[in-house]
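K.L.:
this is a predicted model, with the sequence first.
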Amino acid sequence: MTFEEVYRKYEHLTGEIVEELNNPLECAGAMMGQAMKLYKVVLSSEDFDALMHIIAQTSELDGEGFIDDNTKGTLH
């Protein structure tokens, strides 16, 4: 299965769940929790912590991005 196929499958499932629950925030929270569980299982502790740091920084974005002090490349 390609990334695009996985993405579309999750998109379809998300639409169904949001329609059923009528609460997009509850659905988003569940999806975020599942994603974090997968990242924690697959990534090293160092990479997981770095990813969580980057996610936490997103509230500080000013439209121009943020300075990433992790020069190793993509974490996921």
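P.N.:
Structure received.
K.L.:
quick check: residue 36 vs residue 51, distance?
P.N.:
When distance is defined by CB to CB, to the nearest Å, residue 36 is 9 Å away from residue 51. Using the backbone N, CA and C atoms, a C-beta is placed for each residue, glycine as well.
K.L.:
can you tell me the helix or strand for residue 25?
P.N.:
Counting by DSSP states H and E, the element that carries residue 25 is helix 24-42.
K.L.:
pull out the buried positions in the next helix or strand after that helix.
P.N.:
With elements assigned by DSSP H and E, the helix or strand that comes after helix 24-42 is helix 45-57. By neighbour count, and taking 16 or more other CB atoms under 10 Å as the criterion, the buried residues in helix 45-57 are 47-48, 50-51.
K.L.:
same for helix 45-57, what does it pack against?
P.N.:
With contacts defined as 3 or more CB pairs under 8 Å, 6 or more residues apart in numbering; DSSP states H and E, helix 45-57 has these neighbours: helix 24-42.
K.L.:
distance between the helix it packs on and the chain's centre?
P.N.:
Centre-to-centre, helix 24-42 and its host chain are 7 Å apart (CA atoms, centre = their mean, to the nearest Å).
K.L.:
which parts of that helix are buried?
P.N.:
The neighbour-count criterion (16+ other CB under 10 Å) identifies 27, 39 as the buried residues of helix 24-42.
K.L.:
for that helix, output the C-alpha coordinates as PDB.
P.N.:
Included here for helix 24-42 are C-alpha records, laid out as PDB according to Å, rounded to 0.1, in the frame of the first residue of the first chain:
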ATOM      1  CA  PRO A  24     -14.200  16.700  14.900                       C
ATOM      2  CA  LEU A  25     -12.100  17.600  18.000                       C
ATOM      3  CA  GLU A  26     -12.700  14.200  19.600                       C
ATOM      4  CA  CYS A  27     -11.800  12.500  16.400                       C
ATOM      5  CA  ALA A  28      -8.600  14.600  16.000                       C
ATOM      6  CA  GLY A  29      -7.600  13.800  19.600                       C
ATOM      7  CA  ALA A  30      -8.000  10.100  19.000                       C
ATOM      8  CA  MET A  31      -6.000  10.200  15.800                       C
ATOM      9  CA  MET A  32      -3.200  12.300  17.400                       C
ATOM     10  CA  GLY A  33      -3.000   9.800  20.300                       C
ATOM     11  CA  GLN A  34      -2.700   6.900  17.900                       C
ATOM     12  CA  ALA A  35      -0.100   8.700  15.800                       C
ATOM     13  CA  MET A  36       2.000   9.400  19.000                       C
ATOM     14  CA  LYS A  37       1.700   5.700  20.000                       C
ATOM     15  CA  LEU A  38       3.100   4.600  16.600                       C
ATOM     16  CA  TYR A  39       5.900   7.200  16.700                       C
ATOM     17  CA  LYS A  40       6.900   6.100  20.200                       C
ATOM     18  CA  VAL A  41       7.000   2.400  19.200                       C
ATOM     19  CA  VAL A  42       9.000   3.100  16.000                       C
END
